[in-house]
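Engineer: got a sequence here, can you model it:
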Amino acid sequence: MLYLPLARKYRPQTFDEIIGQEHVSTTLKNAIGMDRVAHAYLFTGPRGVGKTSTARILAKSLNCEKGPTSTPCNKCTSCNEISQGISMDVIEIDGASNRGIDEIRNLKENIKFASVHGKFRIYIIDEVHMLTQEAFNALLKTLEEPPMHVKFIFATTRPYKVLPTVISRCQRFDFRKIPVQDISKKLDDVRKKEKLDLGDEVVFLIAKAADGSLRDAEVILDQLLSFAKGKVKTDDVTRIFGLLEQDILFDIANCILNNEKERLLSLVDELINGGKDPVFIASGIMGHFRNLMVSKIARDKNRVFVALAEEDCYKLQEQSQHFSLDEILYITYTLSAAIDLIKKTSLDKIPLEISLIKLTDREKLTSVREILDKLSLLEEGLKKRSFTAAADPPFYNDAEGETGSGGAGKGNISSWQPETRDASDLTESPEGTAETAGLPAPVKGEIAAEKDILLLQKIRSSWPSILNFIKSKKMSIATFLAEAQLVKVKDGILVLGFERGDSLHKETVDKDTNRRFVEEVIRNITGENIFLKIESMENEVNQEAGAMGPEENEIEDIMQDNTNGIEPIIESALDMFEGRIIGIDKMGNPEKK
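Structural biologist: As a prediction, this is how the structure comes out:
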């Protein structure tokens, strides 16, 4: 007697024998019991999940001598002929080899004939997506209104290639990949019936290698039985199908964890010399770290999401405690990039080795979260610093032109450094400072006014340096400030004036972030606790403010090379993104010929 492969020998013969597709079998059984069977069905899903088997069972249920019934007898002539594939009432068509319009025309001519044994004439078209568009169009009218004795069952792995007009005329059922546990249970039944010498771990490995396809699992088992002469071991499965053993994956993860570069390269080299593809190895390691991620997140429920033996699930849970979630995500991202590089180039194992060595030094890399935390701390520090009062300016002696503390004179005011005083010295009494205590009010006012004048002169002297620094950070703000006039200083407030026509300049500088930035620069350069007040100036007031002296020419020299030729849109972009110009290429006007 000829050998019958396991996939055919243990093919489902009733709806109850179909595993992993309960949503399909239950609906079809209820439709048959309620006499609500549609004229056309579309079965979609990956290979080996039961599409064609379900189509045959449905055909047997409709044409069984005891039917229509949801449980065909598998004993009558009709059931036996359908099971053997020789029924004249159930016509199976391969869509790949019968895809033209001529084949569809023949089908349309034959459907008018009545069935031979059963009640229905059933057409099962496998891989229906292979039909041409002309063939689909020729089938549309027949599919919409077929004869009462005709049923269509279409099966495909690529439903997106089927015309929407065809899909809309069918009841669609999406078949899913079969879970590993269900495949293992089915293989265990086959093992008992065939009296095979298989361990539980071997059964689990076969089910996992099948990737959701029961037919593939049965074909793999057939192949292993031929290789091992009846007794199959775990090593046989990994050797025949090139699977990565879980122990090796655990070792690789430990090498990454413990920074064992030499052993890591040795493991990879051993796998590649054993015939493993670098992409396959990287994918296997990615899958292992995916399982670590699931174990870290799901914890007690990891066996629900991880298709591994129970012992390996415990190992995963223990190993996942040594990796942070950020590390796991970083490792998977790096391996994914290595896979892309291997596919795009002919470097073979080099990207994989470099990526794995890089992962062993991951502790030297700063995580994004740490960078954000540091930026937040820096931002908070800058905010606090911007509101911290600087020391009061020293008193200048008009007669000697020197500071009261013996510092630099007026002639060298830009190099002056504020003297350090205790916080107790900064506290002023309601009556005034010790220097002005006991003086008449007019005298106090003259001293305060003189301080303001000296402070204004100091700021004017430092103004070129201030603009230079601002220009390096925010070019647009420096450009606008070059048009401003230093009007006066009163009670520590510097008044900047803009002409009426410079409203854009005024509004930009007067924004909270920009104003605080300028205030901070002035404080750092002058050492004075200065606040800004931005005003619009009339021409007469501008003239009254007077020229600022020789510093004006220096300011113009600073800004001339950068302000000429800057378009307003560029200024707006610089201000919006708080950027700066790092260089300007000057291009003169072409000579007129």
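Engineer: run through who's touching whatever helix or strand residue 338 lives in.
Structural biologist: In the assignment (DSSP states H and E), residue 338 maps to helix 325-344. Around helix 325-344, the neighbours that count as contacts under Cβ atoms under 8 Å, 6 or more residues apart in numbering are 256, 278-279, 282-283, 285-286, 289-290, 292-293, 296-297, 320, 323, 347-349, 351-352, 354-355, 358-359, 362, 365, 367-369. Just so you know, the C-beta spots here come from the backbone N, C-alpha and C atoms, and that holds for glycine as well.
Engineer: name only those of those residues that count as buried.
Structural biologist: Among the contacts of helix 325-344, those classed as buried by 16 or more other Cβ atoms under 10 Å are 256, 278-279, 282, 285-286, 289, 292-293, 296, 320, 323, 349, 351-352, 355, 358-359, 362.
Engineer: pretty sure residue 136 contacts residue 167?
Structural biologist: No. Taking contacts as Cβ atoms under 8 Å, residue 136 lies outside contact range of residue 167: 10.5 Å.
Engineer: between the two, who's got more neighbours?
Structural biologist: Set residue 136 next to residue 167 and count neighbours by other Cβ atoms under 10 Å: residue 136 wins out with 19 against 16.
Engineer: how about the contacts made by the more buried one?
Structural biologist: Counted by Cβ under 8 Å, 6+ apart, residue 136 has contacts 162-163, 165-166.
Engineer: what separation is there between it and residue 143?
Structural biologist: Going from residue 136 to residue 143 by Cβ to Cβ, to the nearest Å gives 9 Å.
Engineer: what touches both of the two?
Structural biologist: residue 166.
Engineer: contacts for stretch 286-301?
Structural biologist: Residues outside stretch 286-301 that contact it (Cβ under 8 Å, 6+ apart) are 249-250, 252-253, 302, 304-306, 308, 313, 316-317, 319-321, 323, 325, 328-329, 331-332, 335-336, 339.
Engineer: let me know the pLDDT of residue 184.
Structural biologist: pLDDT, residue 184: 91.
Engineer: what do you get for residue 588?
Structural biologist: 47.
Engineer: number the chain from 247, please
Structural biologist: With the count now opening at 247, the last piece we talked about shows up as residue 834.
Engineer: pLDDT below threshold where in the protein?
Structural biologist: Filtered on pLDDT under 70, the chain yields the residue ranges 247, 476, 545-551, 609-616, 627-694, 784-839.
Engineer: show me how it divides into domains.
Structural biologist: With domains defined by automatic domain parsing, the chain comprises 252-420, 426-435+443-487, 492-610, 642-646+687-823.
Engineer: rebuild these as TSV, extending it with distance to residue 619.
Structural biologist: Below are the domains of the chain laid out as TSV (distance: least, Cβ to Cβ, whole Å):
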stretch	distance to residue 619
domain 252-420	45
domain 426-435+443-487	41
domain 492-610	13
domain 642-646+687-823	22
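Engineer: which one of these lies nearest to residue 621?
Structural biologist: Checking the domains of the chain against residue 621 by Cβ to Cβ gives domain 642-646+687-823 as the closest, at 16.0 Å.
Engineer: show me where the chain has strands.
Structural biologist: Secondary structure of the chain, counting by DSSP state E: strands at 286-290, 336-340, 367-372, 396-402, 417-420, 443-444, 477-478, 642-643, 648-649, 731-736, 739-745, 777-783.
Engineer: give me the neighbour count for the closest residue to residue 468 other than its chain neighbours.
Structural biologist: In space, and not counting its chain neighbours, residue 468 is closest to residue 252: 5.2 Å by Cβ to Cβ, 6 or more residues apart in numbering. A count of nearby residues for residue 252, using other Cβ under 10 Å, gives 21.
Engineer: do residue 488 as well
Structural biologist: Residue 488: 15 neighbours (other Cβ under 10 Å).
Engineer: who touches it in this structure?
Structural biologist: Taking Cβ under 8 Å, 6+ apart, one finds 521-522, 526 in contact with residue 488.
Engineer: so which of those residues are in helices?
Structural biologist: residue 526 (DSSP state H).
Engineer: reformat the contacts of residue 488 as JSON lines; add distance to residue 749 and neighbour count.
Structural biologist: Formatted as JSON lines, these follow (distance: Cβ to Cβ, whole Å; neighbours: other Cβ atoms under 10 Å):
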{"residue": "521", "distance to residue 749": "75", "neighbour count": "9"}
{"residue": "522", "distance to residue 749": "70", "neighbour count": "18"}
{"residue": "526", "distance to residue 749": "67", "neighbour count": "16"}
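Engineer: just the closest of the contacts of residue 488 to residue 356, please.
Structural biologist: residue 526 (47.9 Å).
Engineer: which ones among the contacts of helix 571-590 are found in helices?
Structural biologist: With DSSP H as the criterion, helices contain 502, 524-525, 528-529, 531-532, 535-536, 538-539, 542-543, 566, 597-598, 600-601, 604-605, 614-615 from among the contacts of helix 571-590.
Engineer: got the contact list for residue 379?
Structural biologist: With Cβ under 8 Å, 6+ apart, residue 379 has these contacts: residue 409.
Engineer: change it to 10 Å
Structural biologist: Remark: with contacts taken as Cβ atoms under 10 Å, 6 or more residues apart in numbering, residue 379 is in contact with 347, 409.
Engineer: how far away is it from residue 355?
Structural biologist: 21 Å.
Engineer: is it true that residue 703 touches residue 774?
Structural biologist: No. Residue 703 lies out of contact with residue 774 (Cβ atoms under 10 Å); the separation is 11.8 Å.
Engineer: shared neighbours, the two?
Structural biologist: Common neighbours of residue 703 and residue 774 (Cβ under 10 Å, 6+ apart) are residue 735.
Engineer: roughly how far does the residue sitting nearest the centre point of the chain sit from residue 539?
Structural biologist: In the chain, the residue lying closest to the centroid (Cα atoms, centre = their mean) is residue 579, at 9.6 Å. Using Cβ to Cβ, residue 579 is found at 12 Å from residue 539.
Engineer: same question for residue 370.
Structural biologist: 43 Å.
Engineer: what of residue 504?
Structural biologist: Distance from residue 504 to residue 539, by Cβ to Cβ: 20 Å.
Engineer: again, but for residue 300
Structural biologist: From residue 300 to residue 539 the distance is 35 Å (Cβ to Cβ).
Engineer: over to residue 525?
Structural biologist: 21 Å.
Engineer: I'd say residue 500 and residue 606 touch.
Structural biologist: No. If you go by Cβ under 10 Å, residue 500 and residue 606 don't touch, sitting 11.0 Å apart.
Engineer: what is in contact with the two at once?
Structural biologist: Common neighbours of residue 500 and residue 606 (Cβ under 10 Å, 6+ apart) are 506, 510.
Engineer: biggest helix in the protein by residues?
Structural biologist: Longest helix in the chain, counting residues (DSSP H): helix 687-719.
Engineer: go through that one and flag the buried ones.
Structural biologist: The neighbour-count criterion (16+ other Cβ under 10 Å) identifies 690, 693, 697-698, 700-710, 712-714, 716-717 as the buried residues of helix 687-719.
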